[in-house]
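**Q** using only what follows, build the 3D model:
(3 chains)
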Amino acid sequence: MSRTARLMLFFLALGPFVLACCWAIAGLPRFSGPEHRYGALAADQSLSASKINNAVTAVTFDIRGFDTLAEEFILFAAITGILLLLRMKREEKQENDLDRARKGRIMFKTSGAVVFLGRHLMIIVALVGLSIALHATVSPGGGFQGGVIIASVMLIFIFVNSLHGAAEMLTRIFEIVESIGMLGYLACGVCGWFAGASFLENILPKADRGELLSGGLVPLINFSVLLAVAGGFCVLLLEFVKQELIHIRGDGQ
Amino acid sequence: MQFAHFCISAGELPMMELLLQFLILLFICAAGTGVVLTRSPLPQTIAAGFYGGLLILFFVIFQAPDVALSEAVINAGFTTAIVLLVWTRILKDKT
Amino acid sequence: MSFLPYMAAFYLLCIGLYGIVSSRSLIHTAFCLFILQSSTYVLLIAIGFVHHGRPPVFMPGRPALPAVDPVVQAQVLTDIIISAAVTGLLIALTLENYKRTGSINPNKRHAMKG
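**A** Purely as a prediction, here's the structure:
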């Protein structure tokens, strides 16, 4: 279908769609109204049964833990898809620095300021990400956010160093980390079966509210999610960077 | 601890909350239109980063700090990096 | 005013759809898909808002004030992270398409062949 035909079809369908949207909006509950029964129940359960201060973490990992497991699988499948798409095919060849020098391409030298800042930032950002990830039960944060912050440490690492042959090894390492995270989540779920309860039931003893390791199974699930997300996004970044020419650092850095 | 008494939360001024919500929704709609109408990839990356920043403010104003944190780390650090990596790869073949 | 967030969400939906339909570059399509997804976040978070509500993170010493809905926030949180991976998949498809056909224009006929 050509672009103009597509646009005409879109504008033709836009009228009834907008009418349907207005009808739908009129049927929604009033904005900032008080009728949030499920939300109130969830917050109540997070305080009384799960004993977690952060109600969003309780909902993600305890009350709706099965949904989060399914979303982990979506993440895993998307990253596997990217790995499959971007693998080296028969007709491609990884260009190394000698080939590039022979072809006369411009080679970039990473500036000294970037290297200096990056080296010191890497450890700070990694610690901040770890802190946000592990304080899931007491403050806003959790395994998902902390995992992505740790993956951005990999981004800084790519800018600061040249990868040379390390890209393959790093990809293998982070693939293993991601798989350990996924299997850890499943293992936490299977724990319930061994105790005679249902899958992903919160069977471990719960500490008092406000402690770091409160919530029973939630800190373990949180740590598995941290490993899975950090490993997955690191692999993603490395795959995209391997597609591109690798920078080399200038001498004397 | 004493400093906390001087901070007025937005919820205690009656019109402030509504004004903030109205303004942020207006800015989000405008920024969204801007992102869609920008055709070239590099300016669109910057526009999308700005849109992500406005989304973070939206999540904070609507009392959702977890979601704001999540959006911050994903949008600014990740989507921009991936799109720029692929775009430089495509550009290298064009030059 | 009481329907403004919902109208903003539907407006973002429409403008994202228009961007996807009328796009000339697959990277532009990926960004418009991001706008489309963010319209659902706006809708969900607006549905969960409670008048004079506080964030659903409870501090030990304070009384339990009315908190906004934590269930929608949990859904949006995981959704944002997953959408980043799906955007990565889309960009990888763009790159592979470019390597095979030399263009990132979705309107070219040969771009969609096997």
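
**Q** tell me which element residue 7 falls in.
**A** Since you didn't name a chain, this refers to chain A. Applying DSSP states H and E as the criterion places residue A:7 in helix A:3-27.

**Q** that answer is for a different chain, and I need it for chain C
**A** helix C:4-21.

**Q** toward the C-terminus, what is the element adjacent to that helix?
**A** Per DSSP H and E, the first helix or strand lying C-terminal to helix C:4-21 is helix C:26-47.

**Q** can you give me the helices in chain A?
**A** A:3-27, A:37-48, A:55-58, A:65-85, A:97-103, A:112-134, A:143-160, A:166-194, A:218-242 (DSSP state H).

**Q** kindly calculate the angle that the second one makes with helix C:26-47.
**A** Right, the one you point to is helix A:37-48. Using axes from the mean of the first three to the mean of the last three CA atoms, to 10 degrees, the direction of helix A:37-48 lies 80 degrees away from that of helix C:26-47.

**Q** run the contact check for helix A:37-48 versus chain B.
**A** No: on the criterion CB under 8 Å from any CB of the partner chain, helix A:37-48 is out of touch with chain B, staying 12.1 Å away. Heads up, the C-betas are built off the backbone N, CA and C, glycines and all.

**Q** now do the helix ranked longest in chain B: distance to the chain's middle.
**A** Once chain B is assigned using DSSP H, the helix that runs over the most residues is helix B:14-37. Distance, stretch centre to chain centre, for helix B:14-37: 11 Å (CA atoms, centre = their mean, to the nearest Å).

**Q** just stretch B:39-57 next, same as before
**A** How far stretch B:39-57 lies from its chain's middle: 8 Å, per CA atoms, centre = their mean.

**Q** can that stretch be found next to chain C?
**A** Yes: with CB under 8 Å from any CB as the criterion, chain C is reached by stretch B:39-57 at B:39, B:41, B:44-45, B:48, B:51, B:55.

**Q** coming back round to it: C-alpha coordinates for the helix or strand following the longest helix of chain B, PDB please?
**A** Using DSSP H and E, the helix or strand that directly follows helix B:14-37 along the chain is helix B:41-61. Extracted in PDB, the C-alpha atoms of helix B:41-61 (Å, rounded to 0.1, in the frame of the first residue of the first chain):
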ATOM      1  CA  PRO B  41      16.900  11.000  13.400                       C
ATOM      2  CA  LEU B  42      19.400  13.100  15.300                       C
ATOM      3  CA  PRO B  43      17.100  16.000  16.200                       C
ATOM      4  CA  GLN B  44      14.400  13.500  16.900                       C
ATOM      5  CA  THR B  45      16.700  11.800  19.500                       C
ATOM      6  CA  ILE B  46      17.100  15.100  21.300                       C
ATOM      7  CA  ALA B  47      13.300  15.800  21.100                       C
ATOM      8  CA  ALA B  48      12.600  12.300  22.500                       C
ATOM      9  CA  GLY B  49      15.000  12.900  25.300                       C
ATOM     10  CA  PHE B  50      13.200  16.100  26.200                       C
ATOM     11  CA  TYR B  51       9.900  14.300  26.000                       C
ATOM     12  CA  GLY B  52      11.300  11.700  28.400                       C
ATOM     13  CA  GLY B  53      12.300  14.400  30.800                       C
ATOM     14  CA  LEU B  54       8.700  15.800  30.700                       C
ATOM     15  CA  LEU B  55       7.400  12.300  31.300                       C
ATOM     16  CA  ILE B  56       9.600  12.000  34.400                       C
ATOM     17  CA  LEU B  57       8.100  15.300  35.700                       C
ATOM     18  CA  PHE B  58       4.600  14.000  34.900                       C
ATOM     19  CA  PHE B  59       5.200  10.800  37.000                       C
ATOM     20  CA  VAL B  60       6.600  12.800  39.900                       C
ATOM     21  CA  ILE B  61       3.600  15.300  39.900                       C
END
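
**Q** the helix holding residue C:7 - what's its average pLDDT?
**A** In this model, helix C:4-21 has an average pLDDT of 93.

**Q** check stretch A:136-152 too.
**A** Confidence for stretch A:136-152, expressed as mean pLDDT, is 91.

**Q** hmm, back to that, pull the most distant pair out of the residues of stretch B:39-57 next to chain C.
**A** Farthest apart among the residues of stretch B:39-57 next to chain C by CB to CB are B:39 and B:55. That separation is 21.7 Å.

**Q** more neighbours: which of those two?
**A** Comparing residue B:39 with residue B:55 by other CB atoms under 10 Å in any protein chain shown, the one with more neighbours is residue B:55, at 25 against 13.

**Q** what's the weakest-modelled helix or strand in chain A?
**A** Least confident helix or strand, chain A: helix A:97-103 with a mean of 58, by mean pLDDT, DSSP states H and E.

**Q** residue C:102 versus residue B:48, what's the distance?
**A** 25 Å (CB to CB, to the nearest Å).

**Q** who has more neighbours out of the two?
**A** Taking neighbours as other CB under 10 Å, residue B:48 and residue C:102 compare with residue B:48 leading, 27 against 14.

**Q** what does chain B have sitting close to chain C?
**A** Neighbours of chain C within chain B, by CB under 8 Å from any CB: B:11, B:17-18, B:21-22, B:25, B:28-29, B:32-33, B:35-36, B:39, B:41, B:44-45, B:48, B:51, B:55, B:58-59, B:62-67, B:70-71, B:74, B:78-79, B:82-83, B:86-87, B:89-90.

**Q** pull out the buried residues from these.
**A** Burial by neighbour count, 16 or more other CB atoms under 10 Å in any protein chain shown: within the residues of chain B next to chain C this picks out B:17, B:21, B:25, B:28-29, B:32-33, B:35-36, B:41, B:44-45, B:48, B:51, B:55, B:58-59, B:62-67, B:70-71, B:74, B:78-79, B:82-83, B:86-87, B:89-90.

**Q** filter these down to the ones close to chain A.
**A** Counting by CB under 8 Å from any CB, the subset of those that neighbours chain A consists of B:65-66, B:70, B:74, B:78, B:82, B:86, B:89.
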